[in-house]
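Undergrad: requesting a structural model of the entry that follows:
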Amino acid sequence: MTHHPAALYNETHQSRSNPPSSYENLLGDSIERAFASGIHDLSELVNYLNTSGPATPSGEIWTTDSYQKEIARLAA
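TA: Alright, predicted model coming up:
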């Protein structure tokens with residue numbers, strides 16, 4: 001039995017309990033822009049976020065540690 005690819009499509013955010021917040025949208029957009037500009041290294045991504053924003057939820061600058069903790073928090 002073959003499956004049509006469209007039948008397997010997952011709706012955006014279907015596994016989320018709530019829609020993304022403004023902060024999550026801004027962070028995601030910034031990460032996407034960084035990747036689109038060729039940034040793939042964590043330290044370069046952190047530098048990009050510190051120049052292009054958004055800041056961390058507490059208003060601090062990003063570090064590799066704070067980025068990893070925030071992404072883990074958002075993924076939980």
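Undergrad: output the below-cut-off pLDDT ranges for the chain.
TA: For the chain, the stretches with pLDDT under 70 are 1-16.
Undergrad: mind listing the helices for it?
TA: Ranges of helices within the chain are 22-36, 42-52, 64-75, based on DSSP state H.
Undergrad: out of those, the one nearest S58 is which?
TA: Among the helices of the chain, the nearest to S58 by Cβ to Cβ is helix 64-75 (8.6 Å). Glycine gets a C-beta too; all of them are placed from N, C-alpha and C.
Undergrad: residues in contact with that closest one?
TA: With Cβ atoms under 8 Å, 6 or more residues apart in numbering as the test, helix 64-75 has contacts from 24, 27, 42-43, 45-46, 49, 56-57, 60.
Undergrad: what angle do it and helix 42-52 make?
TA: If you take axes from the mean of the first three to the mean of the last three Cα atoms, to 10 degrees, helix 64-75 sits at 80 degrees to helix 42-52.
Undergrad: neighbours of G28, how many?
TA: 12 (other Cβ atoms under 10 Å).
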